[in-house]
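Asks: Model the following, please.
(chains A and B)
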Amino acid sequence: ETGVTQSPTHLIKTRGQQVTLRCSSQSGHNTVSWYQQALGQGPQFIFQYYREEENGRGNFPPRFSGLQFPNYSSELNVNALELDDSALYLCASSAGQGRNSPLHFGNGTRLTVT
Amino acid sequence: GQQVMQIPQYQHVQEGEDFTTYCNSSTTLSNIQWYKQRPGGHPVFLIQLVKSGEVKKQKRLTFQFGEAKKNSSLHITATQTTDVGTYFCAGWGGSQGNLIFGKGTKLSVKP
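Replies: Take a look at the predicted model:
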């Protein structure tokens, strides 16, 4: 069973640039959620994708967008990067979109915006 | 909006001592999940509690869900250095129907 994989592991960008983060979900999982984790904080929900459609969104501006592909992999795009976007971005897959589905996290992408 | 709060923020214990972290929600939860994040790692699912008053055990870890389904606790008996990490509770709720995480309790264990 293949776990959740994310790429890249680390990324350094300049303010105003755009970034794309990638995630492959665990085999058998059709739902992908993205979380932002600032240093010393808990994960904050960005959005969730189910069957290639956004299925819930947290309090993040529209410059945070995403995609899910037919193979259930996903991308997180962030435009016009700001210094406060520096964080660990976690992708989590689950076997369903429902509340009884535990999240399986990837190792995350550490984004630094300078 | 819905909030999930955890206390304490930090806990330093001597190896062999017990440890407890508490989780409180501003609203009733349908379930609560617990995750552990090792330093430099990612959150790993530990357990889910669904029923009011439910108690579950995993070896030295005991998880409880309050009768009103608004609070939960994780208790570790006789901590070991392998218990080091941040423990998060997460409740299902929010206007978006998503999992809301607390800020976590960071546990350090002195050998």
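Asks: following the lengthiest strand in chain B, which helix or strand shows up next?
Replies: What stands out as the longest strand in chain B, according to DSSP state E, is strand B:85-93. From strand B:85-93 onward toward the C-terminus, using DSSP states H and E, the following helix or strand is strand B:98-101.
Asks: now do the same end-to-end measure for stretch B:26-42.
Replies: Distance between the two ends of stretch B:26-42: 26 Å, counting by Cα to Cα, to the nearest Å.
Asks: buried ones in it?
Replies: With burial defined by 16 or more other Cβ atoms under 10 Å in any protein chain shown, the residues of stretch B:26-42 counted as buried are B:29, B:31-37, B:42. Every C-beta, even on glycine, is put in place using the N, C-alpha and C of the backbone.
Asks: Those in strands, which ones?
Replies: B:32-37.
Asks: tell me which of those residues is nearest to residue A:26?
Replies: Each of these was scored against residue A:26 by Cβ to Cβ, and residue B:35 proved nearest at 15.6 Å.
Asks: and that closest one, what is it in contact with?
Replies: Counting by Cβ atoms under 8 Å, 6 or more residues apart in numbering or on different chains, residue B:35 touches A:103, B:43-46, B:87-90, B:101.
Asks: Run through the residues of chain A sitting next to chain B.
Replies: Contact residues (Cβ under 8 Å from any Cβ of the partner chain) of chain A with chain B: A:33, A:35, A:40-45, A:48, A:56-58, A:90, A:99-100, A:102-108.
Asks: out of those residues, which are inside strands?
Replies: By the criterion of DSSP E, membership of the residues of chain A next to chain B in strands covers A:33, A:35, A:44-45, A:48, A:56-57, A:90, A:104-105.
Asks: ok, and the most crowded of the residues you listed?
Replies: residue A:33 (29 neighbours; other Cβ atoms under 10 Å in any protein chain shown).
Asks: picking that back up, got the angle between the longest strand of chain B and strand B:32-37?
Replies: With axes from the mean of the first three to the mean of the last three Cα atoms, to 10 degrees as the criterion, the two stretches strand B:85-93 and strand B:32-37 enclose an angle of 150 degrees.
Asks: Can you list the buried residues in strand B:85-93?
Replies: Counting neighbours by 16+ other Cβ under 10 Å, one finds that the buried residues in strand B:85-93 are B:85-93.
Asks: among those, which are within reach of chain A?
Replies: Near chain A, by the rule Cβ under 8 Å from any Cβ, you find B:88, B:90, B:92 out of the buried residues of strand B:85-93.
Asks: Bridge partners for the first one, pull those for me.
Replies: With DSSP bridges as the criterion, the beta-bridge partners of residue B:88 are residue B:35.
Asks: for residue A:76, same thing?
Replies: Under DSSP bridges, the beta-bridge partners of residue A:76 are residue A:21, residue A:66.
Asks: where does it land on pLDDT?
Replies: According to the per-residue confidence, residue A:76 scores 98 in pLDDT.
Asks: ditto for residue A:112
Replies: pLDDT for residue A:112: 98.
Asks: Identify the residue spatially nearest to it, adjacent ones excluded.
Replies: Leaving out its chain neighbours, the residue that sits closest to residue A:112 by Cβ to Cβ, 6 or more residues apart in numbering or on different chains is residue A:12, at 4.8 Å.
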